[in-house]
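Trainee: build me a model:
(one chain, ligands or ions: 1)
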Amino acid sequence: KMADKGVVKWTYTTCGYCSTGCSIEVGSNAEGKAVATRGVGGADVNRGKLCLKGIFEYQVFEAQGRGEQPLLRDAVHEPYRKVGWDAALDKMASEIERIQAAYGRDAFAIVSTGQLLTEEFYTLGKLARGVIGSNNYDGNTTLCMASAVSGYKRSFGSDGPPGCYEDFEHTHCLIAWGSNLPEQHPIIYWRLKEAMEKRKFPLIVVDPRVTMLAQFADIHLPITPGTDVVLQNALIHVILAEGLEDRDYIEANTTGFEELAKEVQNYDPTTASKLCGIDEDTIRTVARLYANAPRAMSIWTMGINQSTHGSDGVVGINNLNLVTGNIGKPGGTSLSITGQCNAMGTREWSSCSGLPGYRVLEKPEEREEIAKFWGIDPEFFPKQRGLAETDIFPAIETGQIKGLWLVATNPMTSMPNTARIRKTLEKLECLVVQDSYADVETTQYAHIYLPAATWAEKEGVFTNTERRVNLTRQVRKPYGDSKSDLQIFNELATRFEQGRKIKFPEQPSEVFEEMKQLSKGRLVDISGMSHELIEEKRGIQWPYSEQQAQQGVEKGNQRLYTETATFRYKDGRAKLIPLPFVNNNEVPDAEYPLWLNSGRLVEHWHTRTKTGKIGNNNKFSPMPFMEMNPDAAAEMNIRHQTYVRVVSRRGDAVVMVMLTQRVPRNMVFIPFHFFDCVNRLTLGLLDPHSRQPAFKQQAVRIEHIDQE
Ligand code: SF4
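Mentor: Have a look, this model is predicted:
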């Protein structure tokens, strides 16, 4: 088949969609055109397999809408004019300087992504923190992983997923909290399924929908939206009441047990059942299964993170694992399944919420260390974190922020309450959109558009969900006149006086060397790695120090904490944290009687900037739809494949109805990939710890279109 396609060369790379981190080879023909993709057989992650998105990923290079040249205009109602890179970057630099001189340094904000290469994140961090000097710099990872980051920090003293995929092969019980692997992370699902077929351990799925993963579960817990913390407290209540906790582990590795034990007394199964909708006996059964398993693990995705209790939900999972002695053991762990291909890279190296290598702005010694390394005055850094992405848009509304640079993110489709986002963007004096595609919806509101190279048109590393650093080699040169994000950052830096004083290496491998220097002795130690070694090993899991490389350690560390765990709090212990539950969600009422839930489809990636143009992805899911329970639909006289208007307190959307038992009677579900659809309705209340918005818990009503 590959011969038919005329493949003359295969280039090793890593998938640029989800955080699974599949190793891919892209086949090019004699003209250098990418014509095929295949999985890499020897790769630990995917063992030769790819999902639908990976199989057709070679088509992203020349998909419709690729940006060829920078575009410029003075006002958003004017047409764009094509310009050269110098004109675009000169204009951008002068606008940044004008806005900062008039309104202060923080009046120009930057929102990045989880899809750049790590070397690019590091360089953007250097530019944002060390040259432009705005404290309002964050990433769209606030929409997906901020709660996981916050929860890990609160429990263990640092971010960083403790476990790995190989844990599936050692566990005896697995709870998936708000995670629909077959659609969101198909290859991780395949790994889990293989492990379950071999060892027959129970799979418990907590999800209000009967998702594809729930259909394979031994026990499905159709929880009331937003009440995971109640269930977690109730499980711990049963475990403690029945003496099933791991006392030795708790005493050796944790603090806060007495406070947690006192709090969970309030969550006996009878009380909890009324709040979370899971019957008492099932709560007891799951608690016993989990606590009695020699090793048990929990995974989670957006069902936990995208909630007003997202950070608490992560801490609740960690509490459960700590009281049962399930952190730092093969098969006994917490494992957040991240979203974007390099969501982890942005957490480790982007400086979005702090400084590179998991350093924080709040610690003077860490500010000084980075300032010295970059050759700038430490006083240039702010002393605490600025606004998160979800707080940047309200700050534009109030006039505190006047300029915004969006790098590979599309808030007109991805943010909650998009009507408000539209009005917000219109208020900006300068909006810069840097993206591989010129037709992303947010470009409508931009003054400057910068065409960026896409996945595998450049070189560098991604970190996957299990801390595995994978390499992407360059398959082909950037499309049209587009440039790699690294090149764009470097060229913009030279337009500022401070930028000319700091070293900005041109080659990704040189940037990687800088990161290695800064990683020595840190939790995120990558000093034993090189691009070549990562390629040879098909990925290496951090931490991986120089000493380990010299000792011949093969592929890094599968687990972050060992059984004699050194958690990152000063006393080396993890914290058990009491989680009182206060329901602050928008809940259904007489006027808006249904829950609205949102999520992903297997065919699409985020706002469809890529998959919306790839025939083999888009033809299976060409348009939005709404899942509705047939009984609820019958009561309202709504038929399958007819159109209805869905209305929330924020706005409305017209969608086609798909009748299915996947959703309960009191809920509808709409995928989030489509423009002008579900995010016209979402509310986006924020988690107080992580600032992540709740996308999955809000109230709507359905109207017949012919009512008008
Ligand atoms: Fe790419 Fe994720 Fe599919 Fe693997 S599972 S091929 S990383 S989209």
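
Trainee: and the pLDDT at the residue in the stretch 451-600 of the chain that the ligand sits nearest to?
Mentor: The ligand sits closest to residue 464 of the stretch 451-600 of the chain, with a gap of 7.8 Å, by Cβ to the nearest ligand atom. For every residue, glycine as well, the C-beta is placed using N, CA and C. For residue 464, the pLDDT comes out at 97.

Trainee: again with the one 5 residues further on
Mentor: Here the pLDDT value assigned to residue 469 is 97.

Trainee: in which helix or strand would I find it?
Mentor: Element membership for residue 469, per DSSP states H and E: strand 468-472.

Trainee: what lines up beside that strand in the sheet?
Mentor: Take DSSP bridges as the rule and strand 468-472 pairs in its sheet with strand 460-463 (antiparallel), strand 540-541 (antiparallel).

Trainee: could you point out which of the ones you listed sits nearest residue 251?
Mentor: Checking those against residue 251 by Cβ to Cβ gives strand 540-541 as the closest, at 29.5 Å.

Trainee: and the contacts of the closest one?
Mentor: 164, 466-469, 528-529, 533-534, 555-558 (Cβ atoms under 8 Å, 6 or more residues apart in numbering).

Trainee: out of the strands paired with strand 468-472, deepest packed?
Mentor: strand 460-463 (a mean of 28; mean count of other Cβ atoms under 10 Å).

Trainee: beyond the helix or strand hosting residue 320, next helix or strand please.
Mentor: According to DSSP H and E, residue 320 maps onto helix 310-323. Downstream of helix 310-323, the first helix or strand assigned by DSSP H and E is strand 333-336.

Trainee: all strands of the stretch 251-400 of the chain, in order?
Mentor: 254-255, 297-300, 333-336 (DSSP state E, counting those that start in this stretch).

Trainee: what do you get for the stretch 601-708 of the chain?
Mentor: 625-628, 643-647, 652-659, 667-671, 698-704.

Trainee: the second one pairs with which strands, parallel or anti?
Mentor: So that's strand 643-647. Assessed with DSSP bridges, strand 643-647 is paired to strand 652-659 (antiparallel), strand 698-704 (antiparallel).

Trainee: I'd like those as JSON lines, with mean neighbour count and distance to residue 493 appended.
Mentor: Listed next are those as JSON lines, based on neighbours: other Cβ atoms under 10 Å; distance: least, Cβ to Cβ, whole Å:
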{"stretch": "strand 652-659", "mean neighbour count": "18", "distance to residue 493": "42"}
{"stretch": "strand 698-704", "mean neighbour count": "20", "distance to residue 493": "42"}
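
Trainee: got the buried residues for stretch 505-517?
Mentor: Neighbour-count burial for stretch 505-517 flags 505, 508, 511, 512, 514, 515, 516 (criterion: 16 or more other Cβ atoms under 10 Å).

Trainee: to clarify, my last question referred to stretch 56-65.
Mentor: Neighbour-count burial for stretch 56-65 [16+ other Cβ under 10 Å]: 56, 57, 58, 59, 60, 61, 63.

Trainee: among the residues you listed, which two are most distant?
Mentor: Longest span within the buried residues of stretch 56-65, Cβ to Cβ: 56 and 61, 11.5 Å.

Trainee: identify the contacts common to those two.
Mentor: What both residue 56 and residue 61 touch, as defined by Cβ under 8 Å, 6+ apart, is an empty set.

Trainee: re earlier: can you pick out the most distant pair from the contacts of strand 540-541?
Mentor: For the contacts of strand 540-541, and using Cβ to Cβ, no pair is farther apart than 164 and 533, which are 18.9 Å apart.

Trainee: neighbour-wise, which of the two wins?
Mentor: Set residue 164 next to residue 533 and count neighbours by other Cβ atoms under 10 Å: residue 164 wins out with 24 against 15.

Trainee: isn't the more buried one up against residue 559?
Mentor: Yes: with contact defined as Cβ atoms under 8 Å, residue 164 reaches residue 559; the gap is 6.5 Å.

Trainee: intersection of neighbour lists for the two?
Mentor: Both residue 164 and residue 559 are contacted by residue 333, under the criterion Cβ under 8 Å, 6+ apart.

Trainee: got a list of what the residue in the chain that the ligand sits nearest to touches?
Mentor: Relative to the ligand, the nearest point of the chain is residue 54 (2.6 Å; Cβ to the nearest ligand atom). Listed by Cβ under 8 Å, 6+ apart, the contact partners of residue 54 are 15, 17, 22, 24, 37, 39, 187.

Trainee: just checking, the fourth one is part of a helix?
Mentor: No: remark: residue 24 does not belong to a helix; assigned using DSSP: H, G, I helix; E, B strand; the rest coil, it is strand.
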